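Participant: The following block contains a protein sequence and its predicted model.
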Amino acid sequence: MFVEIASGITFASIYGIAKFSSEGNSGNDSKKILKIADAVGLKKDGKSIRIFRKYRPKEKKYTEYVYQIPLGLSEKDFLDKLDKFEDGLNNKKTMYKYKLSKLKHLKLKDIREAEDTFEFIKDSIREVIKIRKSIELSYDGMLHFKVYDTGIPDKIKFDEKLWDKCQGWEMPVGETREGVLFHKLDDGHTVIAGATTFGKSAFLKLLVSTLLKNKPDKTELSLIDLKGGLEMMYFEHCKQTVNFADNLEKASDVLKSIREDIEKRQRRLRIKGVNNIKKAGIKKRHFVIVDEASQLAPSMNVGKGEKALALQCQADMAFITRIGHSMGYTLIYATQYPVGDIMPNQIKANSNTTMCFRLETDTQSMTVLDRNGAEDIELRGRMIYSVPSGYQQVQSYLIADKTINEVVAPNIVIRPRKDDISEVLLEKGAKDRQYTIEFKETDIP
Ligand SMILES: Nc1ncnc2c1ncn2[C@@H]1O[C@H](COP(=O)(O)OP(=O)(O)OP(=O)(O)O)[C@@H](O)[C@H]1O
């Protein structure tokens, strides 16, 4: 149940506040939008925007206003003033939502141990949703203002129960204005872009954890972590991790071997007379996850040998995006700097999903999404999720280290060192948790 409270009121009075109604609430927004457009100079030769249509789709949480805009104005002009429209449609008072149902999940022990009990309880049940109307803008010859009754939560801790709600190869990405967004991981390749510290690696950890939790026997992983292996180290010793690379040389070996595997599979399927893994009855899927792909760009490597390796890596990744999907191989390509040769055309064109966290410039946003907007994102974990059918903003879930460790533990295999006499894999730890490995994130100076 959601209850609205104004910031600053005491926890004890939460119960007394009126329930927020998510229906209607559209007031006279159409006129307000027009007034705001005029006030911020969005008119041309004295001509203002003109309302064409207003409607509220059934069971949706938004009202859509469609405007005709004067010649000479563009979508970008309106996007640039989006904050003015949002401020104009909202009250001055800041409101927050608290989810009381979360109270029952609080542990007495944690409450007792908290430094400040009141703050602890408040933080634990707070969804940090500002009850502000929010706007999604799009243009298709007409300007569409979707005015949502509320915004998207600012920060959402991942709840393991969401894993039970996934179907097939789905993963829970985060929350949109309409609810939980699930993404089908076996649907095609994905580009993930985002400036440093805005949530790419955290998201990749949720992605891999979802695969380990929901598809432990059908997942194979090639993890290419060019941030020195620090982000993906959680998963290095999982039985699903068939390849792990933390530098350019190893990455080039891994990508080369994947290319050979795909070619081998192609030949086998040809002999069988089928053209994809589904028809061949192959249930396993192989995910090639590259975190900080800029390290594989020729322009980022100075030596002649390194440049050649980088070129080969990019050619192999392009090959995976061209041929891999029907052979069961999916590339997840993550980078901080999606410009120039760091965002090769083939990889972008062959990836049907883009997840874009904050980017530094509108040029980067245009390169990845073919539209501006990612440069305006201010929140960590907030992304623009773009698929061929459209795009939307999502607040991605933040998974706790403890949850990752719990998922990883049953999948750990202890591999013997190369100089051990026995080459047998000791596959332990699954049920008896004999080999539970604990990893904690630390700041590396
Ligand atoms: N979904 C999220 N919601 C809220 N906060 C988040 C989210 N994801 C990440 N953060 C916060 O941002 C910090 C940095 O996240 P992360 O390590 O994923 O960044 P990154 O984009 O991978 O950066 P870099 O490329 O420099 O490693 C996290 O420690 C966390 O505090």
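Facilitator: Thanks, I have the structure now.

Participant: longest single strand anywhere in the chain?
Facilitator: strand 390-398 (DSSP state E).

Participant: Is it positioned near the ligand?
Facilitator: Yes. Taking C-beta under 6 Å from any ligand atom as the criterion, strand 390-398 and the ligand are in contact, through Ser396, Leu398. C-beta here means a position set from N, CA and C on the backbone, and glycine is covered the same way.

Participant: For that strand, which strands pair with it and how are they oriented?
Facilitator: Next to strand 390-398 in the sheet, as set by DSSP bridges, lie strand 156-157 (parallel), strand 170-176 (antiparallel), strand 382-387 (antiparallel).

Participant: got a list of contacts for the first one?
Facilitator: So the one you mean is strand 156-157. Contact partners of strand 156-157, identified using C-beta atoms under 8 Å, 6 or more residues apart in numbering, comprise Glu127, Gly174, Glu175, Gly381, Gln395, Ser396, Tyr397, Leu398, Ala400.

Participant: pretty sure the third one contacts Asp154?
Facilitator: The reference is to Glu175. No. Assessed by C-beta atoms under 8 Å, Glu175 is found out of contact with Asp154, at 10.6 Å.

Participant: List the residues that are in contact with both of those two.
Facilitator: Here Glu175 and Asp154 have Gln395 as joint contacts, going by C-beta under 8 Å, 6+ apart.

Participant: contacting residues around the longest strand of the chain?
Facilitator: Residues outside strand 390-398 that contact it (C-beta under 8 Å, 6+ apart): 136, 152-159, 162, 172-177, 181, 199, 202-203, 206, 369, 371, 379, 381-385.

Participant: give the contact list for the closest residue to Leu89 other than its chain neighbours.
Facilitator: Nearest non-adjacent residue to Leu89, counting by C-beta to C-beta, 6 or more residues apart in numbering: Lys133, 4.7 Å away. If you count contacts by C-beta under 8 Å, 6+ apart, Lys133 has them with Asn25, Asp29, Glu86, Leu89, Asn90, Val147, Tyr148, Asp149, Thr150, Gly151.

Participant: now with 7 Å?
Facilitator: Contacts for Lys133 (C-beta atoms under 7 Å, 6 or more residues apart in numbering) come out as Glu86, Leu89, Asn90, Val147, Tyr148, Asp149.

Participant: go on, Ala193?
Facilitator: Counting by C-beta under 7 Å, 6+ apart, Ala193 touches Thr335, Pro338, Cys356, Phe357, Leu359, Val368.

Participant: before we move on, the earlier item: mind putting the strands paired with strand 390-398 in CSV, mean neighbour count included?
Facilitator: Below are the strands paired with strand 390-398 laid out as CSV (neighbours: other C-beta atoms under 10 Å):
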stretch, mean neighbour count
strand 156-157, 15
strand 170-176, 21
strand 382-387, 22
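
Participant: Redo those strands as JSON lines? Include distance to the ligand and mean pLDDT.
Facilitator: As requested, these are exported to JSON lines (distance: least, C-beta to the nearest ligand atom, whole Å; pLDDT from 0 to 100):
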{"stretch": "strand 156-157", "distance to the ligand": "7", "mean pLDDT": "94"}
{"stretch": "strand 170-176", "distance to the ligand": "7", "mean pLDDT": "96"}
{"stretch": "strand 382-387", "distance to the ligand": "8", "mean pLDDT": "95"}
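
Participant: Of all those, which one is nearest His189?
Facilitator: Of all these, it is strand 382-387 that lies closest to His189, at 11.9 Å by C-beta to C-beta.

Participant: how close does Asn405 sit to the ligand?
Facilitator: The gap separating Asn405 from the ligand is 16 Å, by C-beta to the nearest ligand atom, to the nearest Å.

Participant: let me fix that: Glu263
Facilitator: The gap separating Glu263 from the ligand is 32 Å, by C-beta to the nearest ligand atom.

Participant: what do you get for Val339?
Facilitator: 15 Å.

Participant: Number of residues surrounding that residue?
Facilitator: Val339 is flanked by 19 other residues according to other C-beta atoms under 10 Å.

Participant: Correct me if wrong: it contacts Gln364.
Facilitator: Yes. Between Val339 and Gln364 there is a contact under C-beta atoms under 7 Å: 5.7 Å.

Participant: neighbours around the residue in the chain that the ligand sits nearest to, how many?
Facilitator: Residue nearest to the ligand within the chain: Gly381 (2.3 Å; C-beta to the nearest ligand atom). Using other C-beta under 10 Å, Gly381 has 22 neighbouring residues.

Participant: where does this protein have its least confident helix or strand?
Facilitator: Counting by mean pLDDT, DSSP states H and E, the weakest-scoring helix or strand in the chain turns out to be strand 2-6, with a mean of 32.

Participant: So which bits of the stretch 201-350 of the chain are right by the ligand?
Facilitator: Ser201, Ala202, Lys227, Gln336.

Participant: Buried among these? Make that a PyMOL selection.
Facilitator: To isolate the buried ones among these in PyMOL, judged by 16 or more other C-beta atoms under 10 Å, type:
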select buried, resi 201+202+227+336
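
Participant: Now for the residues of the stretch 201-350 of the chain next to the ligand: which two are most distant?
Facilitator: Largest pairwise distance in these, by C-beta to C-beta, is 13.8 Å, between Ala202 and Gln336.

Participant: can you pull out the strands in the stretch 51-200 of the chain?
Facilitator: Secondary structure of the stretch 51-200 of the chain (DSSP state E, counting those that start in this stretch): strands located at 62-68, 95-99, 126-130, 134-139, 143-148, 156-157, 170-176, 179-184, 189-193.

Participant: how close does Pro182 get to Val394?
Facilitator: Actually, residue 182 is Phe rather than Pro. 11 Å (C-beta to C-beta, to the nearest Å).
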